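Novice: sequence-free structure coming up:
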């Protein structure tokens, strides 16, 4: 599956990464080689094999419905780039 | 051309858990911004989700209530997209293996017929935070208190054919989740939110038309109005030679219209994949049996029982079972007074009328079910007549007494059934009304029936409304006829 | 002191040979002296360490000391540490002072150990040479022109250089075992789910696992006793009893069945490395083990499968770095998209971007089944290979890496770098444990023997490694750099 620059640009947009024209060319080159290596997968017959998401065949444990967390807003917002009145600030979002 | 409307609903129900779906932060509504957003909700580096057992139980209860298949294995997936109020850059949801499979719910239409609406599936997911657009130096503020609140997204099949059916479906879902107690169903606070998929097609055509998805339709009334507008828009568009495009539209309740939310951004690609931080949720038969055994009586069953056991009309049964609060109120009144028809009449008549006038919900009724039942007991056992009952009702409403008996006592409203006393009052009225007695006597026999009303009125007045009207009627006729 | 193992130091603290404060000061001085050259630490928390050491000495005086009370350690800068910068080797988190402790950190604190600081690493644990760090490359103390391996390169180099007796690492595709091999120390990657991931900054959630890096298997056993176990905050951690890993260290190896996967001795394997591994196997035979060749037929597909699964998970895990709640934020964003795109472009390095792009692309519409679903199916086949051979043998042995440490700057092409992890990556896909132990040298650079076991066989791996270390002294050798900076 050949990789086009449009694929890289689309992925960069979906991943919200600013990529310059020069960088895009470099990524097309790198990613193409990586995907060529990955394409070896296509040569294995996986008919009837179910996908494996977790290495152990474990199931989800459930947590009791209890409030265990207290307000730690001040501490959490100490590492925030921009806050006002307890809110995180971002450039104006127009809906 | 005749058009047919095709509607499907996606209803997001906030589940009434104490803590969030994947963290131990509180879900209480209305806290100061970000005071209920813990490290997990904020998506701090290194944090991990652990699933709330109550969210799972509530989803299963809903599934059982709509006769759905409950997935033995369900899986959480990540829906990847960037948005200001989505802290991790993905929403944990269930795309490929939802917890609740296909089911159905019956809705009641205006003509008392029922229609079955199929549910495609329902899945668990986490809610996002809120963007506040007040002016913070030209910035938007983000509050993540709501982030991580458990949602059950209930997706219907496109089985509805009118706005009224869509509203009836939404009400049925509302009734089920509130009966189950898995949500407060408060649409104003966003506990229940609705996206509507609408398309039109020429009547008789099998293929669906292109649909529009309308977001932000968050009241029963808005659902009706949004659909009405959208159907008209689509039909006009097609009849004018245009085509409907598949898109997301926003309902604007102020302008009563839907408008396109298309932006310059290309279509999203959510890149769903199984969330590696959560393991498959496996539910066994014993767990389902346990929850099944604890299900309360559901709206459809209640309605059926109100008709078959209590002898209510289809209409009364539907109205009284429509919400959990209404049904519980009615059942309490019935339990106290023992007469279902009286209870139904009063709850739907006097009580509903008074509540509507003052814009109150039944949960805020100034008269409790116990008080109303006590009042009706006194009507049924003949202690008071209907007219006095209305006075007692008003007094209870105004908080003028603990219960009906106290008010009857205080106001002296006890019905007079003593024949001697009634005869004495009648004799007096006859003696004081010679002209009316003469008219009665001279009238054609078939007209006398109507003329009796005057004498009954006078006697009731004399008794300050406490005389038993049937008794008065009987004695009066006997005495007047004796004068002929 | 620096030539002692953690086990020996614990005994010395207990006997009162020196205090924890003395020991801690000693290591802090060594770091001060040597780390300008090595660059193995991103953050040194000297003051906090000395305070912790004093507390440890007081606890000991009061008779409340545990086995590891007062032992200095270092943490890979991927473990969240409350009030201490936790950068993950990235400019993105250069300003991130974590507001909470990882579960592993909590457990180590509770055991009375002392943290000297946070070690250098490949950015977001993506790399095999430690050259992808925002804080610069780390040098290998055995040869300052060589890489220490990655991504836990700082932890490996610091232990090898005697700057700390042991350190914590994480391993997603070999990131404990390969740097342990390159630096001549012992490193254990436990079974997936054996150690809590809570508070460890995620790279690829279904593969990441934390483990100890130390001078000996015995040291690793002591640390595993502290860090292993179920954590209610990590859904993927396993609720299963934890053995005392030191108890079985001396179990005899007679009758041990060793499998040598033929795929681990093929093309591309450095002859010196192969010789060292075969020599080590002979030592085991002398200890009573039997050896046979086995096959893991899907070995060749582990790297391709990994480079679909790990970047896919990473692309999603790293979406939270958006410049809103923590981490780098670009200057004067014009709108939300600009904020995202520039903050992320400025905060992430090249390799991280490459993997985010690969992961985003392979998960996207039209490619998901061909890449992601296919890789997950291959993952099952790879795991089955291991489950099958462990029906016949107790442990597998082979090289940890096809070559000894390569030169700094030698591998410029990402794919050739990825291929370095040929012997370690399948282990993460299968979720089994693996340990790397020093087994010789080639051209003055250490060689690592990798030993693999079935799920939850950590105690057995530590036993097998320990017996080898009783019979050999490769693990006790120190680089000249350590002696020069003593």
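Specialist: Now that the structure is in, tell me what you want to look at. Nothing here was measured: the structure is a model prediction, and the numbers come from that model. Numbers count the residues shown, from 1 in each chain, chains lettered A, B, ... in the order given.
Novice: mind naming the longest helix for chain A?
Specialist: Of all the segments of type helix in chain A, defined by DSSP state H, the longest one is helix A:21-38.
Novice: please read the previous query as pertaining to chain C.
Specialist: helix C:20-38.
Novice: what's in contact with it?
Specialist: Applying C-beta atoms under 8 Å, 6 or more residues apart in numbering or on different chains, the contact partners of helix C:20-38 are C:1-2, C:9, C:13, C:41, C:44, C:46, C:49-50, C:52-54, C:56-57, C:60, C:69-72, C:114, C:116-117, C:138-139, C:141, C:144, C:157-158, C:161-165, C:481, C:485-486. Where you see a C-beta, it was placed from the backbone N, CA and C, and this is true even at glycine.
Novice: identify the residue of chain A closest to chain C, quick one.
Specialist: residue A:55 (2.4 Å; C-beta to the nearest C-beta).
Novice: ok, now which ones touch the closest residue to that residue other than its chain neighbours?
Specialist: Spatial nearest neighbour of residue A:55, chain neighbours left out: residue C:431 (2.4 Å); criterion: C-beta to C-beta, 6 or more residues apart in numbering or on different chains. Contacts for residue C:431 (C-beta under 8 Å, 6+ apart) come out as A:54-56, C:191-193, C:383, C:455.
Novice: which of the residues you listed sits closest to chain B?
Specialist: Using C-beta to the nearest C-beta, those come closest to chain B at residue A:54, 6.1 Å.
Novice: residues contacting that closest one?
Specialist: With C-beta under 8 Å, 6+ apart, residue A:54 has these contacts: B:276, B:279, C:192, C:206, C:236, C:431.
Novice: can you pull the buried residues of the longest helix of chain C?
Specialist: Buried residues in helix C:20-38, counting neighbours by 16 or more other C-beta atoms under 10 Å in any protein chain shown, are found at C:20-21, C:23-28, C:30-31, C:34-35, C:38.
Novice: secondary structure class of whatever residue of chain C ends up closest to chain B, three-state.
Specialist: Closest to chain B within chain C is residue C:319: 2.3 Å, counting by C-beta to the nearest C-beta. Secondary structure assignment for residue C:319 (DSSP: H, G, I helix; E, B strand; the rest coil): helix.
Novice: thinking it is in contact with residue B:88, fair?
Specialist: Yes: applying C-beta atoms under 8 Å, one finds residue C:319 in contact with residue B:88, separated by 6.4 Å.
Novice: and residue 85, how many neighbours?
Specialist: Here I'm looking at chain A. Neighbourhood size, residue A:85 [other C-beta atoms under 10 Å in any protein chain shown]: 13.
Novice: actually chain C
Specialist: Residue C:85: 18 surrounding residues under other C-beta under 10 Å.
Novice: what's across from the closest residue in space to it that isn't next to it in sequence in the sheet?
Specialist: Distances taken as C-beta to C-beta, 6+ apart place residue C:43 nearest to residue C:85, at 5.2 Å, with adjacent residues excluded. Residue C:43 has the following beta-bridge partners by DSSP bridges: residue C:118.
Novice: next one: residue C:43, what pLDDT does it get?
Specialist: Per-residue confidence at residue C:43 stands at 98 (pLDDT).
Novice: just checking, it touches residue C:77?
Specialist: Yes: the pair residue C:43 and residue C:77 passes the contact test of C-beta under 8 Å, sitting 6.9 Å apart.
Novice: who touches both of these two?
Specialist: C:85, C:87, C:118.
Novice: those into CSV, with extra columns for distance to residue C:412?
Specialist: Conversion of those to CSV gives the following (distance: C-beta to C-beta, whole Å):
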residue, distance to residue C:412
C:85, 30
C:87, 25
C:118, 28
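Novice: ok, residue 14 - contacts?
Specialist: Since no chain was named, I'll use chain A. By C-beta under 8 Å, 6+ apart, the contact list for residue A:14 reads B:80, B:269, B:271, C:360, C:364.
Novice: that answer is for a different chain, and I need it for chain B
Specialist: Applying C-beta under 8 Å, 6+ apart, the residues contacting residue B:14 are B:27, B:127, B:149-151, B:183-184, B:190-192.
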